[in-house]
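Enquirer: Build me a model:
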Amino acid sequence: MSGYVPQANDPMYLLSSDSHVLEPRDLWETRLPANLRSFAPTLPMRSEDKPGATDPADRLQVMKDDGVSMEVLFPTYALLQYGIEDPAIQEACFRVYNDWIAEYCAATPGRLFAIPCISTYNIDNAIAELTRCKEMGLIGAQTWHVPPVGLEYTTDHYERFWAAAAEMDMPINLHILTGFSYTRSLRPKGLEHYRGSVETKLNDAIHILFEFIFYGVLDRHPGLKLSLVEFEIGWIPWILQQWDYYSNRFSANNRVPIEYKPSEYFDRQIFASFINDNVGTTMLKAGWGVDNCMWSNDFPHGNTSWPRSAEVIAKDLGGMSTETETKLLYKNCADLYHLDLATPIQNA
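Expert: This next block holds a predicted model:
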């Protein structure tokens with residue numbers, strides 16, 4: 001990390017590790033190849049119509065309103081496209097998005113950095129698109145957090161992709177609402193809505209994290225970085241504690257075929273974002289995860305702390321050392337994606 005160096009008397013420096021755009025509703029209808037336009041995904045209506053969500057000309061003021069100097073961007077509509085079953089259509093849709101988001105970031109140089117969407121049905125094509133996106137200045141790679149049946153992360157299907165991502169230093173990002181889980185169809189109404197928002201979402205995250213650790217993905221690819229996006233963090237230290245305990249308890253007759261304890265893979269290679277997680281930030285205050293967790297404001301979605309992020313941060317992170325706050329509010333994220341810090345947003 002280089003570029004601007006925050007000073008002791010500066011206002012609080014914020015880099016959101018998970019913000020969003022709201023793609024134009026006609027993006028795929030107008031930009032897909034002519035022979036695929038009839039397959040353009042049907043987009044649900046969204047209420048996140050805040051300025052800057054679609055038009056980059058308004059983004060800088062939106063960031064100023066929240067005191068956020070830099071943002072790592074994820075999509076909105078394209079999240080649902082991880083459930084597309086046709087590889088060619090998914091690849092084309094993601095290429096359209098990646099081109100558009102590169103243009104969006106270029107409108108506010110040095111402040112907006114986007115994670116490209118990568119289709120991993122075909123690994124040769126996935127590596128080629130990852131290479132193209134890196135050349136365009138995009139950072140990392142977003143893959144489905146719940147793969148389809150037959151392409152689980154326990155298979156060797158992804159091995160060359162993990163190796164390429166590690167070699168290119170493009171961290172793998174798993175974001176909620178992507179892939180073959182409850183989000184492929186309309187969310188249920190009534191009480192079952194809450195099962196998806198909390199129970200199913202968390203179960204998916206634990207299931208996939210288990211596969212990356214216990215099935216040796218991170219062990220075989222020590223240069224690979226994995227980021228869990230928008231799952232919050234309070235559950236992670238307990239799960240790691242339990243995995244450490246049981247992998248040790250049964251090691252004599254059922255040894256886990258990895259070199260280190262599960263928690264050590266988190267310390268070495270895994271990052272996680274949080275928005276408004278009082279349980280998780282309590283654990284941060286106790287010293288857990290301060291080198292691996294990253295604050296985010298989730299703009300413009302319903303969970304966002306915008307435009308009162310400073311209030312939320314004061315409530316959840318107040319009382320921490322300046323060094324710890326620095327890591328959580330910008331340094332961990334900047335280091336993970338190798339971002340040069342821009343000047344504070346107040347000076348833009």
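Enquirer: Tell me where the stretch 51-200 of the chain has helices.
Expert: Taking DSSP state H, counting those that start in this stretch as the criterion, the stretch 51-200 of the chain contains helices spanning 59-66, 77-80, 87-106, 123-135, 159-168, 192-194.
Enquirer: need those in JSON lines with mean pLDDT, mean neighbour count and distance to residue 307, can you?
Expert: C-beta coordinates here come from the backbone N, C-alpha and C atoms, glycine included. As requested, the helices of the stretch 51-200 of the chain are arranged in JSON lines below (pLDDT from 0 to 100; neighbours: other Cβ atoms under 10 Å; distance: least, Cβ to Cβ, whole Å):
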{"stretch": "helix 59-66", "mean pLDDT": "96", "mean neighbour count": "19", "distance to residue 307": "4"}
{"stretch": "helix 77-80", "mean pLDDT": "94", "mean neighbour count": "21", "distance to residue 307": "23"}
{"stretch": "helix 87-106", "mean pLDDT": "98", "mean neighbour count": "20", "distance to residue 307": "20"}
{"stretch": "helix 123-135", "mean pLDDT": "98", "mean neighbour count": "17", "distance to residue 307": "31"}
{"stretch": "helix 159-168", "mean pLDDT": "98", "mean neighbour count": "17", "distance to residue 307": "35"}
{"stretch": "helix 192-194", "mean pLDDT": "86", "mean neighbour count": "12", "distance to residue 307": "27"}
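Enquirer: Figure out which of the ones you listed is closest to residue 326.
Expert: Among these, helix 59-66 comes nearest to residue 326, with 18.4 Å by Cβ to Cβ.
Enquirer: List of residues touching the closest one?
Expert: By Cβ atoms under 8 Å, 6 or more residues apart in numbering, the residues outside helix 59-66 that reach it are 14, 50-53, 69, 71, 107-108, 111-112, 297, 299-300, 305-310, 345-346, 348.
Enquirer: okay, the angle between that helix and helix 87-106?
Expert: Here helix 59-66 points in a direction 70 degrees away from that of helix 87-106 (axes from the mean of the first three to the mean of the last three Cα atoms, to 10 degrees).
Enquirer: now helix 59-66, how far from the chain's geometric center?
Expert: On the basis of Cα atoms, centre = their mean, to the nearest Å, the separation between the geometric centre of helix 59-66 and that of its chain is 21 Å.
Enquirer: how close does residue 302 sit to residue 20?
Expert: Separation of residue 302 from residue 20 (Cβ to Cβ, to the nearest Å): 11 Å.
Enquirer: Appreciated, that's everything.
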